[in-house]
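[1] My questions concern the predicted model and sequence given below.
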Amino acid sequence: MLYLLSFLVLVMLCVGIAIIFVKDILSAVILSTVVSLVVSIIFLFIAAPDVAITEAAIGAALTAVVFVIAIKRTEMKETADKE
Amino acid sequence: MNGIISISMVLNVASTGLVLIGLYIVFTQKNLIKMVIGLGLADTGVNVLLVSTGYINGNTAPVFSDTSLKVSQMVDPVPQALVLTSIVIGFGVSALALALIIRLFEKTGTLDTSKIRGLKW
Amino acid sequence: MRKLVSIVLLAGFIFYFATLTGGLMIPSASNERNSVGLDILSRSADETGSANAVTSVVVLYRGFDTLGEVTVLFLAALGISVFMKGTVGQRKKVLDQSFILKTGSRLLFPLMFLFGIYIIAHGHLTPGGGFPGGVIIATGFFVILLTSESVEFSKNLMSVLEGLAGLSFIVLGLVGLFGPDNSFLQNFLPLGDFNTVFSAGIIPIIYAVVGIKVAAELSSVVFAMKESK
């Protein structure tokens, strides 16, 4: 179980570092959703099921929706003027 | 290998790494939405650190569903209750920051911090 | 210049966290636990009647913190509504959603609603509770809101529900002042059988109220950010 946990932590840190280098914002939001999901699995290994359910529901579902709405409303105006 | 690395050490490394990555994103990125993502990452890292203080090796979740479970086989429930609150408040902070960013975009037309006059670093 | 300052600050943080991590080594096979946690665990099954110890800590032993959290969520939703009030939406063409998306979302919404109510109602028996249950119900609302256009979202109903739910949380706490213990948010209803749905006194009622409040609040927050004017 120790090796599985350290593998998950390694994956999570690599995805976190990838957020720094990605240029597209939508991809950064999806990568942060992946980090939230891996953190939720880590919470299951720590024997905290309440916290795991809450983190999965809020970090994965709600945060992604709010970020995508914000991205859509802050698109550059040139694409709208071309229509 | 098992004697040197323990689960609590792995968890401390994970939470410290998340906080540092989140802070680095806030310091160096120029896009405002990426700064909010970094803030959320740092928040998640602090929550992992809080839950990991209640962990005891080999014990199980603090739910009495099977009435033969003894109290000494369970994990500390108080940090989990406080982290429940913290996760919801972290989401509230992110949503409020994004609402501010939408308003800022409609006023200045750009999301780059080096172009907005008050936010230049 | 910015990168230099940030690397120096980061080195300072790494040094700080290294000393913190070095001092936080938790003993693995520990007999030295936090005495508060052990005390609460040994008492919570008899005093509160709920099988989930985390629920009894959130609602009864630390009920004030839950009240503070509900207040913070309310303030955040209020701030978002105020900020989104004067914005101008973009004029865009309304795209026609595909048939699979519309039908699939209408099939999915009752299932998510039911699942959210299940998690709220069994908060004192299994892991879960009011907060994730309210979030799941709000996610069910988004699925319908973001894909169908013919669904009307009544903002007045949501704000009335949210206000009533917040009010009943405080009223339930104040009623406890007249109970046998004379304290705010005390457990004045009978405890019932262990491990059944109608047990643990006031805990399922408070979690139901919190779940309704969270669901209504988050739906109106996302709706306010999506639409404008």
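    Structure's in. What do you need? Numbers count the residues shown, from 1 in each chain, chains lettered A, B, ... in the order given.

[2] near chain B, which residues of chain A?
    Chain A has residues A:1-2, A:5-6, A:9, A:12-13, A:16-17, A:19-20, A:25, A:28-29, A:32, A:35-36, A:39, A:42-43, A:46-51, A:54-55, A:58-59, A:62-63, A:66-67, A:69-71, A:73-74, A:77 near chain B, with proximity defined as C-beta under 8 Å from any C-beta of the partner chain. Quick note: C-beta positions are derived from backbone N, CA and C, even for glycine.

[3] Emit the PyMOL select command for whichever of those residues are buried.
    To isolate the buried members of the residues of chain A next to chain B in PyMOL, using 16 or more other C-beta atoms under 10 Å in any protein chain shown:
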select buried, chain A and resi 5+6+9+12+13+16+19+25+28+29+32+35+36+39+42+43+46+47+48+49+50+51+54+55+58+59+62+63+66+67+69+70+71+73+74
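
[4] So the residue nearest in space to the middle of chain C, which state does it fall into?
    Among the residues of chain C, the one closest to the centroid is C:Phe131, at 2.5 Å (C-alpha atoms, centre = their mean). Recorded secondary structure, C:Phe131: helix (DSSP: H, G, I helix; E, B strand; the rest coil).

[5] what about the residue in chain C that chain A sits nearest to, which SS state?
    Residue of chain C nearest chain A, by C-beta to the nearest C-beta: C:Pro127 (3.8 Å). Three-state call for C:Pro127 (three-state DSSP): coil.

[6] Just list what the helix or strand A:Thr63 falls within packs against, helices and strands only.
    Secondary structure assignment for A:Thr63, by DSSP states H and E: helix A:63-73. Contacts defined by 3 or more C-beta pairs under 8 Å, 6 or more residues apart in numbering or on different chains; DSSP states H and E place helix A:63-73 against helix A:25-45, helix B:32-52, helix B:78-108, helix C:130-147, helix C:203-226.

[7] Turn those into JSON lines, columns for distance to C:Asn187 and mean pLDDT.
    Output for the helices and strands packed on helix A:63-73, formatted as JSON lines (distance: least, C-beta to C-beta, whole Å; pLDDT from 0 to 100):
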{"stretch": "helix A:25-45", "distance to C:Asn187": "28", "mean pLDDT": "94"}
{"stretch": "helix B:32-52", "distance to C:Asn187": "27", "mean pLDDT": "93"}
{"stretch": "helix B:78-108", "distance to C:Asn187": "16", "mean pLDDT": "91"}
{"stretch": "helix C:130-147", "distance to C:Asn187": "16", "mean pLDDT": "89"}
{"stretch": "helix C:203-226", "distance to C:Asn187": "8", "mean pLDDT": "89"}
